[in-house]
Each structure stands twice: as C-alpha cells, then as structure tokens.
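[1] Need coordinates for the below:
(chains A and B)
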Amino acid sequence: MVGLALIFGGLFFVLVSSLGLIRFPDFYTRSHALGKSDTLGTMLVLGGLAAYGGLTLSSFKLLLILVFVALGNPTATHALTRAALRSRHEMWGRKRDSEKQ
Amino acid sequence: MTILFLSIALFIAVLTLVPVYRMVAGPTIYNRVLGVGLMGTNAILLLALVGFIYDRIDMFADLAIAYAILNFVGVVAVAKYLERRRGQP
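    Numbering: from 1, shown residues only, chains lettered A, B, ... in the order given. As a prediction, this is how the structure comes out:
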C-alpha cells in the first residue's frame, strides 16, 4: 500500500516534468524542470516499486538504480546547462539594446 | 494487480511522446539532448514496470541498471563535447 502511494506520487512528478519540457520557453527553464522534478518522480516510482516488491535482491537493485539516478540525473543536467551557458546559448526574455539587430 | 501496472506503464509510455517531440522539433542541439535524457529516464521506469508485469523483475532490474549508466554517460559525454566546441551550435 505504501508502494502504490509512492508510485502515484512519482507519476505526478513525471507528468509535471513532461509538462515543463513541452511548455517552457527556452532551454534553461526546460532544464530546470527536468533537473529536479524528473529526478524526484523517478526516485519516488522506483522506491515505490522496491517497497511493493518486498525485501529481495531485486528490490536492492531497484534501490541501487534510485541512488544512481539521484546522483546522475542532476549531474547530467548541470553539465549540459553549463555547456550551453559557456557557448552563449540564447536566453529567453527581452533583448538588451546592444543585442538588438 | 497486473492491470494496474500495465496502465501505469501505458501512462509513462504516452508521456514519453513529449521528449520525442522535443527531440524532433527542438530548436538547438541542447534541447534535443535534454529530450534524450528525459526519454532515458522514462525508459528506466518502463523497464522496471515491465519487469513487474511479466514477473521477471530479477532480469529487468539488471537491464534498468545498464540503461541508467548508459544514459548518464551519454548525456555527460555530449555535454563535454559541446562545451569544448567553440562557436554557435
């Protein structure tokens, strides 16, 4: 029962991250939606599945994936966003006078 | 209980259409790589759910571990490559 509650909580956050990816205006805001919301949703769904499966080796593997996603997903998003910032990727918003064509 | 996990997997599979749209229509390569990352994360969830549907979670958990590592390494490698490259994307 705890597992099902965690799974449905995680599905909400996965839905929110997909919504952010399709509705936000530029790259930085989209990576903001993915870096946090998708990580939390994946962690909740995997934790719910591990709690539903019980105390087995497979649940331990699912918890291992949970830890890896919690470490790796924000790192990947941060590396990608830093690469975009260093190559002066265009931001959303009003242009300054010096940048107008 | 199988039908519940099947509907959850179907929900995540429909949500995976969003990063596919972002991969096809994304304005620059950064948006496309972001879509690849979200699709990989959804694929991890789908693999775990398919393992519960077919009652073979011992096999599908290993597949999900491999997919998580490949997804992370792929996105970080593309990010480092784009960071080294000067000029416009």
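[2] near chain A at all, the longest helix along chain B?
    Longest helix in chain B, counting residues (DSSP state H): helix B:57-84. Yes. Counting by CB under 8 Å from any CB of the partner chain, contacts between helix B:57-84 and chain A involve B:57-58, B:61-62, B:64-65, B:68-69, B:71-72, B:75-76, B:78-80, B:82-83. C-beta: built from backbone N, CA, C; applies to glycine.
[3] Quick one, which of the residues you listed are buried?
    The neighbour-count criterion (16 or more other CB atoms under 10 Å in any protein chain shown) marks B:57, B:61, B:64-65, B:68, B:71-72, B:75-76, B:78-79, B:82-83 among the residues of helix B:57-84 next to chain A as buried.
[4] May I see the residues you listed arranged in TSV, with pLDDT and distance to residue B:18 as well?
    What follows is these, written out as TSV (pLDDT from 0 to 100; distance: CB to CB, whole Å):
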residue	pLDDT	distance to residue B:18
B:57	88	27
B:61	91	26
B:64	92	21
B:65	93	25
B:68	92	20
B:71	92	17
B:72	93	21
B:75	92	17
B:76	92	22
B:78	91	20
B:79	90	21
B:82	86	23
B:83	81	26
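[5] Show me what the lowest-mean-pLDDT helix or strand in chain A is packed up against.
    None of the helices or strands of chain A scores lower by mean pLDDT, DSSP states H and E than helix A:27-33, at a mean of 89. If you count contacts as 3 or more CB pairs under 8 Å, 6 or more residues apart in numbering or on different chains; DSSP states H and E, helix A:27-33 packs onto helix A:2-23, helix A:57-86, helix B:29-54.
[6] Give me the angle between the first one and helix A:57-86.
    Using axes from the mean of the first three to the mean of the last three CA atoms, to 10 degrees, the interaxial angle of helix A:2-23 with respect to helix A:57-86 works out to 20 degrees.
[7] show me where pLDDT drops low in chain B?
    B:86-89 (pLDDT under 70).
[8] Contacts only, for the residue nearest to the spatial centre of chain A.
    For chain A, the residue nearest the mean C-alpha position is residue A:38 (2.6 Å; CA atoms, centre = their mean). Contact partners of residue A:38, counting by CB atoms under 8 Å, 6 or more residues apart in numbering or on different chains, are A:13, A:14, A:17, A:73, B:38, B:41.
[9] All set, thanks.
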